[in-house]
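Chemist: dropping a prediction and its sequence here:
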Amino acid sequence: MKKQIAQQLLSIGAVELRPNDPFTWASGVKSPIYCDNRLTMSYPSVRKAIADGLVETIRREYPDAEVIAGTATAGIPHAAWVAERLDLPMVYVRSKPKGHGQSNLIEGKVEPGKKVVVVEDLISKGGSVLQAAHALKDAGFDVAGIAAIFTYGLPQAAESIHEAGFSFHTLTDFPALVEQAQQTGAIDEGDLPMLSEWHEKLKAGTL
């Protein structure tokens, strides 16, 4: 599955590798990779494969899930497709409370105490998905775990999530993406050492 999802993300440009013309992340980090999983919404075959993968992951890892929760905003459509397939209620978690009306942080109506799986599109350092998981926990839900499309595989993300008492599983990751990009000619083999070095520095927090 890792290779299949990685290839589909590459094929639609949801993940782009530019070793010699790096992107600049919001944090200021110069990166040879940019991941925009929002593009998957526009490609039915890709979003179906992702939904299939997330459903399979949730059935395997969190078989007692009772609610699917999407993270705002990129996790919301995937959570909706997954909830539909599993015939489960869905909610979504805002990044901050709504500034009017009932000032909701969690949208949707589900009784507290239910087992929730959080659906996220991407895990980098884990901050946004942890914020959502904590919001659900504070609201009285039992957070069974997290299912996401892609992860950079940063140790600090895994440590933060596990220290908070949650588990997570992703459909694909950085190594699978690079391997698939190499096999399909999306990157030159000569760029592999630089990508590997960048990823090691990212994991070590030295970028």
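Modeler: All right, it came through fine.

Chemist: when you work out contacts or count neighbours from here on, use the C-alpha atoms and nothing else.
Modeler: OK.

Chemist: what residues are up against residue 21?
Modeler: When contacts are counted by Cα atoms under 8 Å, 6 or more residues apart in numbering, residue 21 touches residue 32.

Chemist: for it, what are phi and psi?
Modeler: phi -140, psi 70 (degrees, to the nearest 10).

Chemist: the nearest residue to residue 33 once chain neighbours are set aside and residue 205, how far apart?
Modeler: Nearest non-adjacent residue to residue 33, counting by Cα to Cα, 6 or more residues apart in numbering: residue 17, 4.6 Å away. According to Cα to Cα, to the nearest Å, residue 17 and residue 205 sit 20 Å apart.

Chemist: for those two, work out which one has more neighbours and name it.
Modeler: More crowded of residue 17 and residue 205, by other Cα atoms under 10 Å: residue 17, with 21 against 11.

Chemist: just to revisit the earlier point, pLDDT at the residue nearest to residue 33, what is it?
Modeler: We note a pLDDT of 88 for residue 17 in this prediction.

Chemist: now do residue 97
Modeler: Per-residue pLDDT puts residue 97 at 73.

Chemist: ranges for the strands of this structure?
Modeler: For the chain, the strands defined by DSSP state E cover 15-17, 23-24, 30-31, 33-35, 67-71, 90-93, 106-107, 115-123, 142-151, 168-173.

Chemist: so which of those strands comes closest to residue 8?
Modeler: With Cα to Cα as the measure, strand 15-17 is the member of the strands of the chain nearest residue 8 (9.1 Å).

Chemist: direction included, what does the closest one pair against?
Modeler: strand 33-35 (antiparallel) (DSSP bridges).

Chemist: tell me the mean pLDDT over the partner strand?
Modeler: Rounded mean pLDDT across strand 33-35 is 90.

Chemist: list the contacts of it.
Modeler: Outside strand 33-35, the residues that reach it (Cα under 8 Å, 6+ apart) are 14, 15, 16, 17, 18, 19, 22, 23.

Chemist: just name the most buried of the strands of the chain.
Modeler: strand 67-71 (a mean of 28; mean count of other Cα atoms under 10 Å).

Chemist: picking up where we left off before, now the strands of the chain in JSON lines, with distance to residue 82?
Modeler: Conversion of these to JSON lines gives the following (distance: least, Cα to Cα, whole Å):
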{"stretch": "strand 15-17", "distance to residue 82": "22"}
{"stretch": "strand 23-24", "distance to residue 82": "31"}
{"stretch": "strand 30-31", "distance to residue 82": "31"}
{"stretch": "strand 33-35", "distance to residue 82": "21"}
{"stretch": "strand 67-71", "distance to residue 82": "8"}
{"stretch": "strand 90-93", "distance to residue 82": "9"}
{"stretch": "strand 106-107", "distance to residue 82": "17"}
{"stretch": "strand 115-123", "distance to residue 82": "9"}
{"stretch": "strand 142-151", "distance to residue 82": "11"}
{"stretch": "strand 168-173", "distance to residue 82": "14"}
